[in-house]
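K.L.:
sequence unknown, structure follows:
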């Protein structure tokens, strides 16, 4: 289990760093989006809401999601041979915690017609994160950092890209559901502005992750 603990710490550090990068993208975008014609009286309200959400809800919630994802994968490994039944049981046990801390779910109306679809996408995202965490945690080679861990977990760049693409596709799907009907958001003002920031921050994060993957495997 020594290698599992080592990999856990490396992966946790990486996931927290990536969270901070994504949130920083959003913080840098909010000012430019607020210049796009929104009433002046609403600008400080939207900005303060986004800052609070980013600093508090999103960061605290995402940290909890990282913890529950890695702990679920670690629990499965510690139980020995992983059956589909064990995996599904662990997912069902931990998903409510993951969902409760999801930054999009927290800002959505649970009685909206599209909420069930959004919840399903969030669950698929959680499942893939647990599956990929298992791959990382199982690495037994001598490694020192995330780049080495990634190359040991996914032997080729294409394997790593497909794993990343699964995550990005689910994130894309979740954002698209909210974009189709802004009424699903429970935020008081500036729904379009906040959605624009989330979309652009996601695109910047996607670009950064793909570039980083290229560097890891070159």
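P.N.:
That came through fine. Nothing here was measured: the structure is a model prediction, and the numbers come from that model. Numbering: from 1, shown residues only.
K.L.:
how far does stretch 159-172 sit from the chain's center?
P.N.:
With C-alpha atoms, centre = their mean, to the nearest Å as the basis, stretch 159-172 stands 11 Å off its chain's centre.
K.L.:
In the chain, which helix is the longest?
P.N.:
helix 2-33 (DSSP state H).
K.L.:
Quick one: list the elements packing against it.
P.N.:
Judged by 3 or more C-beta pairs under 8 Å, 6 or more residues apart in numbering; DSSP states H and E, helix 2-33 is in contact with helix 43-52, helix 59-78, helix 115-137, helix 146-153, helix 191-216. In this view, the C-beta of every residue, glycine as well, is placed from N, C-alpha and C.
K.L.:
lowest-confidence stretch among those helices?
P.N.:
Of all the helices and strands packed on helix 2-33, mean pLDDT reaches its minimum on helix 43-52 (a mean of 70).
K.L.:
What distance do you get for residue 85 to residue 91?
P.N.:
Separation of residue 85 from residue 91 (C-beta to C-beta, to the nearest Å) stands at 11 Å.
K.L.:
re the thing from before, nearest to residue 101, out of the helices and strands packed on helix 2-33?
P.N.:
helix 59-78 (3.8 Å; C-beta to C-beta).
K.L.:
Buried by neighbour count: which residues of that closest one qualify?
P.N.:
By 16 or more other C-beta atoms under 10 Å, the buried positions in helix 59-78 come out as 59, 61-62, 65-66, 68-74, 76-77.
K.L.:
what do you get for stretch 44-55?
P.N.:
Residues 46-47, 49-50, 53-54 are the ones in stretch 44-55 that count as buried (16+ other C-beta under 10 Å).
K.L.:
Present those residues as TSV; the columns should include distance to residue 102.
P.N.:
Formatted as TSV, those follow (distance: C-beta to C-beta, whole Å):
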residue	distance to residue 102
46	21
47	23
49	18
50	17
53	13
54	15
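K.L.:
between those residues, which is closest to residue 14?
P.N.:
residue 54 (20.2 Å).
K.L.:
How about the contacts made by residue 15?
P.N.:
By C-beta atoms under 8 Å, 6 or more residues apart in numbering, the contact list for residue 15 reads 66, 70.
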